[in-house]
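> could you look at this predicted model? Sequence included:
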Amino acid sequence: MKKSTIIIRDLTKSGEGVGSIDDKVIFVEKALPGEEVICEITAEKKNYSKGNLLHIIKSSNHRVDPPCPYFTECGGCQLQHADQDLSARIKRNQVVSALKKIAGIESPNVAEVFRSEDFYSYRNKITFPLLEVKGKKIIGFFKKKSHEIISIDSCMLHIPFADKVFRNLRNILLQSKVSFYNEEKHVGDLQHLVIRTSSYEQKVLVGIIGLKKPSKELIALAKQIATDPLVKGVVYGRKAKASNSIYPDSEELLEGEASLVEEILGVKVNISLLSFFQVNKKCAEKMYSAAFDMAALSKGAKVLDAYSGIGSFAIYLAKQGLFVTGIESFPKAVEDARINALNNGVIIDFIEDEVEKKVKSLANFDAVFINPPRKGVHKDVIDEISRLNPKKILYTSCDPATLARDIKLFSEQGYSFIKAIPFDLFPQTMHVETVGLMEKSGGL
């Protein structure tokens, strides 16, 4: 294949270096901005090319040696070869670029990235696919842009004591008689292993996701897993059909307890296996505090927390003297949220429904907090939130592109973008979490 020398000027959202050959864009894995590299062209498309990094002629001052032995293959991390300064700059640039190009804001007010206290060892929830490949059971992660699984015996992003549990679990599962799913033959049972961690309790909740009723072997396996003093409970989730989703159609507690207790911003919350909770708790605390501070609300203000999850942020808001309504569609999360509010001595109206449906029947809020999934907010929701006429909208987003798109839609409804703060909730990856503030145009 052809070899070329190029200068890398940027990174894609997936972490590939971006350069050009004769005005044609080329993407090069593991290359960093500012580097001059020799690459081998591996694919020629009409509008771009792909290349493998062969040699670095001029290295970035921000390049570091990746500490993880799986980095070259695993698709979980994209930035282990970049130091924290470059990583923060890349993530802020994502937010600035999206607001300029998509929202049409010429000079967006974007703060420097708030950095995670932990650059590694921060994830409190981790999911491993379980597959049988060519007669061999494999536990690991998928390769980048591939459905090929690589065997993993440890993850450096995982909270250390939980990773110790994983290493033990891995051995138990591989040695067990319980089958893993074979995608080619469409046989076998177990598809995913989920480990959720509480730093407050120093315990983990183990989730095993499969396709069949719990067998005697699986029940015995759960008992064996639960002998680990760090394991609080073992939950089995059953899916009606095979898929890449970890969300089961039903759950059954096999051993111990079905939830963990965690503390965030002084709020103690029960967390079920698959209910939403930020994976980087320490950084999430700073993000939630920033969202509250940016809102600058007086006690007694009425607020809506859309996509409220297990209620941790809504409860925090209520403890600050605000009147809170929460909307969440995941039934188990709403169940957790109501228990959590009761345990924390606050009154919150948690509504189990799709935000798209329920927001139409609500009214009279001083501020709305939005924390939607990656796809962002449906236009109907933007229209209805605008109808509520809140003075301020605080939008927490895990995707700068959908954040910028929705800010533009809110601007068409009379809201002005004020400020955004990016947070590095996911170190070593290209993901960035952002809190954006919008205010009703014309002042308060």
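Yes, it's here. Just so it is clear, the structure is predicted and the values come from calculations on it, not from any experiment.
> which strands and helices sit next to the helix or strand encompassing residue 170?
Using DSSP states H and E, residue 170 maps to helix 160-175. Judged by 3 or more Cβ pairs under 8 Å, 6 or more residues apart in numbering; DSSP states H and E, the packing partners of helix 160-175 are strand 125-133, strand 136-142, strand 192-198, strand 203-210, helix 216-226. To be clear about C-beta, it is placed using only N, CA and C from the backbone, and glycine gets the same treatment.
> mind redoing it with 6 Å?
strand 192-198 (3 or more Cβ pairs under 6 Å, 6 or more residues apart in numbering; DSSP states H and E).
> can you tell me the closest non-neighbouring residue to residue 170?
Closest residue to residue 170 apart from its sequence neighbours, by Cβ to Cβ, 6 or more residues apart in numbering: residue 139 at 5.3 Å.
> just checking, the one you found touches residue 128?
Yes - Residue 139 lies in contact with residue 128 (Cβ atoms under 6 Å); the separation is 5.2 Å.
> who touches both of those two?
Taking Cβ atoms under 6 Å, 6 or more residues apart in numbering as the criterion, residue 139 and residue 128 do not both touch any residue.
> against residue 145, how distant is the residue nearest to residue 170?
Per Cβ to Cβ, to the nearest Å, residue 139 is found 21 Å from residue 145.
> those two: which has the busier surroundings?
Neighbour count, other Cβ atoms under 10 Å: between residue 139 and residue 145, residue 139 has more, with 22 against 10.
> quick one, what contacts the more buried one?
128, 130, 170 are the contacts of residue 139 under Cβ under 6 Å, 6+ apart.
> residues in contact with the second one?
Looking back up the chat, that one is residue 130. Contacts of residue 130 by Cβ under 6 Å, 6+ apart are 139, 180, 190, 191, 193.
> just send those residues back as JSON lines, with distance to residue 405 too.
Listed next are these as JSON lines, based on distance: Cβ to Cβ, whole Å:
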{"residue": "139", "distance to residue 405": "37"}
{"residue": "180", "distance to residue 405": "40"}
{"residue": "190", "distance to residue 405": "38"}
{"residue": "191", "distance to residue 405": "33"}
{"residue": "193", "distance to residue 405": "35"}
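> pipe those residues into JSON lines and attach distance to residue 374 and pLDDT per row.
Converted to JSON lines, the contacts of residue 130 look like this (distance: Cβ to Cβ, whole Å; pLDDT from 0 to 100):
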{"residue": "139", "distance to residue 374": "26", "pLDDT": "97"}
{"residue": "180", "distance to residue 374": "28", "pLDDT": "96"}
{"residue": "190", "distance to residue 374": "27", "pLDDT": "96"}
{"residue": "191", "distance to residue 374": "22", "pLDDT": "96"}
{"residue": "193", "distance to residue 374": "23", "pLDDT": "98"}
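> which one (most neighbours) among these?
Most crowded among the contacts of residue 130, counting by other Cβ under 10 Å, is residue 190 at 25 neighbours.
> I'd assumed residue 180 was in contact with it.
Yes - contact criterion Cβ under 6 Å: residue 190 and residue 180 qualify, at 5.3 Å.
> hmm, back to that, nearest to residue 432, of the contacts of residue 139?
For those, the residue nearest residue 432 by Cβ to Cβ is residue 128; the value is 24.4 Å.
> bridged to the closest residue to that closest one other than its chain neighbours, which residues?
Take residue 128 and drop its neighbours on the chain: the residue closest to it by Cβ to Cβ, 6+ apart is residue 193, 4.5 Å away. Assessed by DSSP bridges, residue 193 has beta-bridge partners residue 128, residue 208.
> quick one: residue 193 from residue 138, how far?
For residue 193 relative to residue 138 (Cβ to Cβ), the value is 12 Å.
> go on, residue 330?
30 Å.
> with residue 431 instead?
25 Å.
> what about residue 72, neighbour count?
13.
> is it true that it lies in a helix?
No - assigned with DSSP: H, G, I helix; E, B strand; the rest coil, residue 72 falls outside any helix and is coil.
> quick check, pLDDT for it.
On the pLDDT scale, residue 72 is placed at 90.
> from residue 300, how far off is it?
Remark: distance between residue 72 and residue 300 (Cβ to Cβ) = 55 Å.
> then residue 306?
From residue 306 to residue 300 the distance is 20 Å (Cβ to Cβ).
> residue 402 now?
32 Å.
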